[in-house]
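Engineer: need a 3D model of the sequence below.
(2 chains)
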Amino acid sequence: MIRSKLKQLIDSCFNQGAAQGLWSNAAAGLYNVETPRHDGQGDFATNFAMVLAGKEKRNPREIAGQLVALLETDDTLLDKVKIAGPGFVNLFLKPSVWSTVLAPIDDQRQQFGLTNIGNSKKVMVEFVSANPTGPLSVGHGRNGILGDTIARLLDATGFDVTREYYFNDAGRQMRVLGGSLQARYLELLGEDNQFPEDGYQGEYLYEIAREMIEDAGDEFKDNELDFFRKRAQDAIFADIEATLKRIGITFDSYYNEHTLYEEGLIDAVVTELRAKNLVYEKDDATWFKSTEFGHEKDRVIIKSSGEPTYRLPDIAYHREKYRRGFDWMINIFGSDHIATVPDVMAGIEAIGLDNSKVQVILHQFVTLMRDGRQVKMSTRKATFVTIDELVDEVGVDALRFFFLMRKPDSQLEFDLELAKAQSQENPVYYVQYGHARLCSIERMAAEKEVALPELSATDLSCLREKEEYQLLKTLSEYPAMVTGAAKDLAPHRVIFYLMELAGHFHSFYNKHKVITEDEQLTAARLCLCQGIKTVLANGLELVGLTAPNKM
RNA sequence: GCGCCCGUAGCUCAGUAGGAUAGAGCGCCAGAUUCCUAAUCUGGGUGCCGCAGGUUCGAAUCCUGCCGGGCGCACCA
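Structural biologist: I've put the predicted structure just below:
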């Protein structure tokens, strides 16, 4: 807020200077207002003079001098300005400016930080998209929490967001699943059975089989494999949905790949590609000329068996997303899907669609550490750790927080022992404790019969401590942080912001008392606390974490 | 061999659009509570920002090459 006001001021100086012939327009929009790292360098600084000097081959300090002369005519924001280093202009704000950040927070409350930069643009976030072959594992957890939080960020910035789960309940994978359940069912009945060679070995299939026996005994023992496939799928999907709901994730729609076949959308893509002469037959298979799009080799889209490879439905699915009117399509994938991205992008381009509207977030793997060793996970083997197990151990908030702490590009190391044994040390509690403390202050004020002050009737000029400035400054950065995190699809920035704000608050709390004999100071500090509480609560909500009143 | 991601403090990781003296948490050491919750705070860091070049006023950040780790490179998804 304050920063953007300053930026406006400097922009106006820039235009003024250009009008006076002090410099050209070449540097328009290239300079910025940043926060200096060290004391004595002002509240903000601008690299204006250095950028301009680069463009015009002039001495930066001379330009800085001209800028300073223009800035000194302002008497609303600035206390003083100083030229420093190679040509930075350090900007020192009037102390009174800082307290103005509380008014918008007080006005907008839960709405504070929300913007409409998305302008109701239709965006789809597709994530999780796990086929129902087993419980969600840790990797799906990262995918889900990342996708969900990105969707929340886009909601908060005024996009019209649809969350979609894409799945496939046909194909070889699912037949193996059906065969695995059938074998478990027969095994529990003491009948002859043959467990598929590469079957799913997880305990969960025994559980489903046990339920079937409780329901209907051996009634199903002569049923076809497809019956078991369906039974397994339904049970597993119900589990998946329950797990997702438990960690705060919901979807607006589920899209079954089968729909693409039913509605002839697969054939439509093939027809279209054929018309453009981008497919050909070889070795009984149908190939897509991806080499025409700069790829190393062509790819099969229909196998010699007549079944499409994953590429064809993926292309058809995206075509359908465009038809449904999405202007921006975000896909959250694990890094093991890297190979599919270029193929599908080429396919989209091939059918005449603008693939710059599709953005893929590839997140790296979660490495699970147990006893200092990496746990190798496989869906088929019984060696994977489920999200439910993790949540049982560390709780929803800690899980979300941990998974959001790293940017998607980084591998994420999740130490089970650490999460279990030291959950008290978890940084999520640090932030939440800040909120609980603020609530506690309010309770104490009520107990002492100190009324919560009206901001408009409170004199904030007594907020002069270093810690108070720091808090006001951090609060003022919240809206820009939210829009930045949304624009860059970077939820981890919200986490880091919350830790910073909570940290400043804890420092303040330990050094200064809020409720004192000094009524004026008490009122001002209570207003400050209200602002911090609102922003902490909004930030926690934004990433799907709870803001407890008491801990 | 080719493509994508990563390499920053003992460990796990931040570091917008290139900026001034490099950041946090954890761990470790030493302290703080007659007072609003000590799940807190304060103090303690000699880091070849993987290596070598290049671009420029200025590089952890951009470019090139190399080294190391991860993930891929199917008529699986």
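Engineer: sketch out the low-pLDDT regions of chain A for me.
Structural biologist: Per-residue confidence for chain A (pLDDT under 70) gives these ranges: A:378-382, A:421-424.
Engineer: give me the domain ranges for it.
Structural biologist: Domain segmentation of chain A under automatic domain parsing yields A:2-93, A:127-250+A:364-420, A:423-542.
Engineer: could you export the host helix or strand of A:Leu471 as CSV, CA atoms only?
Structural biologist: Using DSSP states H and E, A:Leu471 sits in helix A:466-476. C-alpha atoms of helix A:466-476 as CSV (Å, rounded to 0.1, in the frame of the first residue of the first chain):
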residue,chain,number,x,y,z
LYS,A,466,10.9,0.2,16.4
GLU,A,467,8.9,-3.0,16.8
GLU,A,468,5.7,-1.1,16.1
TYR,A,469,7.0,0.4,12.8
GLN,A,470,8.2,-3.0,11.8
LEU,A,471,4.8,-4.5,12.3
LEU,A,472,3.0,-1.7,10.5
LYS,A,473,5.4,-2.0,7.6
THR,A,474,4.9,-5.8,7.4
LEU,A,475,1.1,-5.4,7.5
SER,A,476,1.3,-2.9,4.7
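Engineer: ok, it near RNA strand B or not?
Structural biologist: No. Residues of helix A:466-476 are not located near RNA strand B by C-beta under 7 Å from any atom of the strand, the shortest gap being 8.4 Å. To be clear about C-beta, it is placed using only N, CA and C from the backbone, and glycine gets the same treatment.
Engineer: how distant is the very next helix or strand once past that helix from the center of its chain?
Structural biologist: Note on helix A:466-476: by DSSP H and E, the next helix or strand toward the C-terminus is helix A:478-487. Remark: helix A:478-487 is offset 12 Å from the chain centroid, using C-alpha atoms, centre = their mean, to the nearest Å.
Engineer: got the angle between helix A:478-487 and helix A:466-476?
Structural biologist: Orientation check (axes from the mean of the first three to the mean of the last three C-alpha atoms, to 10 degrees): helix A:478-487 against helix A:466-476 gives 40 degrees.
Engineer: return the residues in contact with the nearest residue to A:Glu292 once chain neighbours are set aside.
Structural biologist: Leaving aside its sequence neighbours, A:Glu292 sits nearest to A:Leu278 (C-beta to C-beta, 6 or more residues apart in numbering; 6.6 Å). Counting by C-beta atoms under 8 Å, 6 or more residues apart in numbering, A:Leu278 touches A:288-289, A:292, A:350.
Engineer: taking these one by one, which sit in helices?
Structural biologist: Residues of these located in helices (DSSP state H): A:Ala350.
Engineer: which of the contacts of A:Leu278 has the most neighbours?
Structural biologist: When neighbours are counted by other C-beta atoms under 10 Å, A:Phe288 leads those with 27 neighbours.
Engineer: what sits against the residue nearest to it when sequence neighbours are not counted?
Structural biologist: Spatial nearest neighbour of A:Phe288, chain neighbours left out: A:Ile301 (4.7 Å); criterion: C-beta to C-beta, 6+ apart. Counting by C-beta under 8 Å, 6+ apart, A:Ile301 makes contact with A:270, A:279, A:286-288, A:308-309, A:311-312, A:315.
Engineer: repeat that for 6 Å
Structural biologist: The contact partners of A:Ile301, by C-beta atoms under 6 Å, 6 or more residues apart in numbering, come to A:286, A:288, A:309, A:311-312.
Engineer: next one: A:Glu164
Structural biologist: A:124, A:126, A:253, A:255.
Engineer: can you classify it by secondary structure?
Structural biologist: Following DSSP: H, G, I helix; E, B strand; the rest coil, the label given to A:Glu164 is strand.
Engineer: CA-only coordinates of stretch A:69-77, as PDB, when you get a sec.
Structural biologist: Extracted C-alpha coordinates of stretch A:69-77, given in PDB (Å, rounded to 0.1, in the frame of the first residue of the first chain):
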ATOM      1  CA  ALA A  69      15.200  18.000  -6.000                       C
ATOM      2  CA  LEU A  70      11.800  16.900  -7.400                       C
ATOM      3  CA  LEU A  71      11.000  14.600  -4.500                       C
ATOM      4  CA  GLU A  72      11.700  17.300  -2.000                       C
ATOM      5  CA  THR A  73       8.700  19.200  -3.200                       C
ATOM      6  CA  ASP A  74       6.500  16.500  -1.700                       C
ATOM      7  CA  ASP A  75       5.300  17.000   1.900                       C
ATOM      8  CA  THR A  76       2.800  14.200   2.200                       C
ATOM      9  CA  LEU A  77       4.900  11.100   2.500                       C
END
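Engineer: mind listing what's buried along that stretch?
Structural biologist: Neighbour-count burial for stretch A:69-77, with 16 or more other C-beta atoms under 10 Å as criterion, is recorded at A:70-71, A:77.
Engineer: and which of the residues you listed is nearest RNA strand B?
Structural biologist: Nearest to RNA strand B among those is A:Leu71, at 14.5 Å by C-beta to the nearest atom of the strand.
Engineer: ramachandran angles for the residue lying closest to A:Ser410 once chain neighbours are set aside?
Structural biologist: Once flanking residues are discounted, A:Ser410 sits nearest to A:Gln364: 6.1 Å by C-beta to C-beta, 6+ apart. Per-residue torsions, A:Gln364: phi -80, psi 170 (degrees, to the nearest 10).
Engineer: and A:Gln364, how many neighbours?
Structural biologist: Look at A:Gln364: counted by other C-beta under 10 Å, it has 16 neighbours.
Engineer: would you confirm that it contacts A:Lys407?
Structural biologist: No. Contact between A:Gln364 and A:Lys407 fails when scored by C-beta atoms under 6 Å: they sit 9.3 Å apart.
Engineer: show me what from the stretch 201-350 of chain A comes close to RNA strand B.
Structural biologist: By C-beta under 7 Å from any atom of the strand, the residues of the stretch 201-350 of chain A that approach RNA strand B are A:282-285, A:296, A:299-300, A:303-305, A:307-310, A:335-340.
Engineer: inside helices: which ones of these?
Structural biologist: Counting by DSSP H, those place A:Thr340 in helices.
Engineer: could you verify my assumption that A:Val535 touches A:Tyr478?
Structural biologist: Yes. In this structure, A:Val535 is within contact of A:Tyr478 by C-beta under 6 Å, at 5.2 Å.
Engineer: how many neighbours does A:Ala84 have?
Structural biologist: 16.
Engineer: equivalent analysis for A:Tyr509, please.
Structural biologist: A:Tyr509, neighbours per other C-beta under 10 Å, totals 17.
Engineer: name the helix or strand for it, please.
Structural biologist: Using DSSP H and E, A:Tyr509 sits in helix A:492-511.
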